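Enquirer: Model the structure of this input:
(one chain, ligands or ions: 1)
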Amino acid sequence: TQRVERTQLYGMSRIFQQQVVDALKFNTFSQPQGVPGYPWANIPVFDPPQEDDLYPNRALNFDGLYEQPHDNYHGWIGGDMADNAYTAFDPVFSSYHANIDRMLEVWIRAHPAAQYTTQCLLQPFAGSEADDVTFTSADAWRYTTLGDMAQDSRHIGYDYGVPVAPPFGTRRPAAKACCQQSSTPMQAQEQTASLGPWVVFDHVRCTHDTYLIDVFLNQPDATPQQVSADNPHYVGRFSRIGMGLVDDKGRCITHGVSRALNAARTAAALNLRPTDTTQLSVVVTHLDSARVLTPQEYAPLPGFIAQLVWDDPRQTVAGPAPSAGCCSVSTTTTPGEST
Ligand SMILES: [Cu+2]
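Expert: Coordinates of the predicted model:
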């Protein structure tokens with residue numbers, strides 16, 4: 001049974017890695033926020049809480065898409081890693097985030113023309129202490145900006161070795177082509193042609209505890225046992241890493257954002273079309289207790305209701321959309337069904 005479990009876990013990793021590949025397809029890094037061009041993560045002051053309309057929709061770009069598989073691995077490891085208040089206390093955090101940096105590097109090198117704001121300080125602290133640090137204060141030199149950080153690593157003195165295994169989504173080179181890094185993107189055309197549909201969650205905000213949201217199409221009786229990469233009805237996971245303790249730093253947004261999970265693989269496996277009536281189901285699991293929540297229990301949580309959207313989200317990126325851009329999509333879904 002250990003082997004079966006392990007195979008299951010590797011299957012999940014395949015799904016998470018596909019989510020990374022999906023994120024890397026987005027040519028926009030993050031949406032600018034407000035006139036100074038702050039991206040969402042650079043809101044300079046959280047105390048007092050900021051106006052809702054300062055928070056852009058961050059679903060439809062690399063940053064928003066990539067956070068999902070990032071969160072999934074936090075939840076997958078569990079324990080401290082799945083608790084925002086303690087996550088960096090787990091030694092695996094450092095090596096895990098070293099790879100997050102590497103994936104950022106993949107994106108940066110694939111988009112050499114991208115520009116990042118240098119106007120905004122990345123502040124390691126929030127709250128009243130941070131209020132004293134301004135763009136012009138003497139302390140500012142201790143801090144850095146997104147523009148300083150988002151550079152090709154070779155500009156700041158280090159480089160990445162050649163991976164020992166081909167990146168996920170590339171074919172292994174033919175046996176005879178020994179030393180060339182010439183692996184070709186796997187079914188590149190096919191993937192580009194099948195980017196949708198998307199499972200979209202709106203009004204996503206912080207939670208206290210950590211939850212796993214597993215998504216299925218046309219599986220109304222879904223249970224945790226059906227979470228498997230081999231199940232054609234299974235779309236993937238949307239982990240919500242809890243803030244833990246009390247969010248005393250005011251880091252939680254008040255308005256909420258939209259997040260999207262690509263369902264192209266599932267739609268292709270089930271031969272679904274936009275005109276079909278497709279049932280969307282979610283199984284929400286409370287990570288610490290492994291308890292499955294009833295729809296009555298998870299419905300009041302922020303951003304736990306999903307809908308299926310067939311439009312390619314990249315077509316709808318038209319600038320900051322504080323109201324989470326879901327007003328004009330067509331859907332043929334029964335949202336939020338579960339066991
Ligand atoms: Cu992390």
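Enquirer: What lies in contact with stretch 81-99?
Expert: Contact with stretch 81-99 is made by 73-75, 77, 79-80, 210, 239, 241-245, 287, as judged by Cβ atoms under 8 Å, 6 or more residues apart in numbering. Glycine gets a C-beta too; all of them are placed from N, C-alpha and C.
Enquirer: Neighbours of G244, how many?
Expert: Per other Cβ atoms under 10 Å, the neighbour tally for G244 reads 17.
Enquirer: So which of the contacts of stretch 81-99 belong to helices?
Expert: Y73, H74, G75, I77 (DSSP state H).
Enquirer: Ranking by neighbours, what's the top pick from those residues?
Expert: H74 (23 neighbours).
Enquirer: In this model I241 seems to touch it, though I could be wrong.
Expert: Yes. Counting by Cβ atoms under 8 Å, I241 is a contact partner of H74 at 5.0 Å.
Enquirer: re earlier: out of the ones in helices among the contacts of stretch 81-99, which is nearest to D276?
Expert: Using Cβ to Cβ, G75 is the member of the ones in helices among the contacts of stretch 81-99 that sits closest to D276, with 30.9 Å.
Enquirer: returning to that earlier point: could I get the ones in helices among the contacts of stretch 81-99 as CSV with pLDDT and distance to V20?
Expert: Formatted as CSV, those follow (pLDDT from 0 to 100; distance: Cβ to Cβ, whole Å):
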residue, pLDDT, distance to V20
Y73, 91, 10
H74, 92, 14
G75, 90, 15
I77, 90, 16
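Enquirer: With distance to L293 as added columns, please give those in CSV.
Expert: As requested, those are exported to CSV (distance: Cβ to Cβ, whole Å):
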residue, distance to L293
Y73, 22
H74, 19
G75, 15
I77, 21
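Enquirer: Closest one of those residues to D214?
Expert: Nearest to D214 among the ones in helices among the contacts of stretch 81-99, with distances taken as Cβ to Cβ, is G75, at 11.0 Å.
Enquirer: Pick out the most distant pair among the contacts of stretch 81-99.
Expert: Y73 and L245 (21.7 Å).
Enquirer: Just confirm Y73 contacts F16, I think it does.
Expert: Yes. In this structure, Y73 is within contact of F16 by Cβ under 8 Å, at 6.5 Å.
Enquirer: Output the longest helix seen in the chain in CSV with nothing but the alpha carbons.
Expert: With secondary structure taken from DSSP H, the chain has its longest helix at helix 2-24. The C-alpha coordinates for helix 2-24 follow below in CSV (Å, rounded to 0.1, in the frame of the first residue of the first chain):
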residue,chain,number,x,y,z
GLN,A,2,2.9,2.3,0.5
ARG,A,3,3.8,1.9,-3.1
VAL,A,4,0.3,2.8,-4.1
GLU,A,5,0.3,5.8,-1.9
ARG,A,6,3.6,6.9,-3.3
THR,A,7,2.4,6.5,-6.8
GLN,A,8,-0.6,8.6,-6.0
LEU,A,9,1.6,11.4,-4.6
TYR,A,10,3.8,11.4,-7.6
GLY,A,11,0.7,11.7,-9.7
MET,A,12,-0.4,14.8,-7.7
SER,A,13,3.0,16.3,-8.3
ARG,A,14,2.5,15.8,-12.0
ILE,A,15,-0.7,17.9,-11.8
PHE,A,16,1.0,20.5,-9.7
GLN,A,17,3.9,20.7,-12.2
GLN,A,18,1.4,21.1,-15.0
GLN,A,19,0.0,24.1,-13.1
VAL,A,20,3.5,25.6,-13.1
VAL,A,21,3.7,25.1,-16.8
ASP,A,22,0.3,26.8,-17.2
ALA,A,23,1.5,29.8,-15.2
LEU,A,24,4.7,30.1,-17.3
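Enquirer: who does that helix touch, helix- and strand-wise?
Expert: Packing partners of helix 2-24 (3 or more Cβ pairs under 8 Å, 6 or more residues apart in numbering; DSSP states H and E): helix 62-77, helix 92-110, strand 234-240, strand 257-262.
Enquirer: Quick one: those as TSV, columns for distance to V282 too.
Expert: Output for the helices and strands packed on helix 2-24, formatted as TSV (distance: least, Cβ to Cβ, whole Å):
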stretch	distance to V282
helix 62-77	14
helix 92-110	26
strand 234-240	8
strand 257-262	10
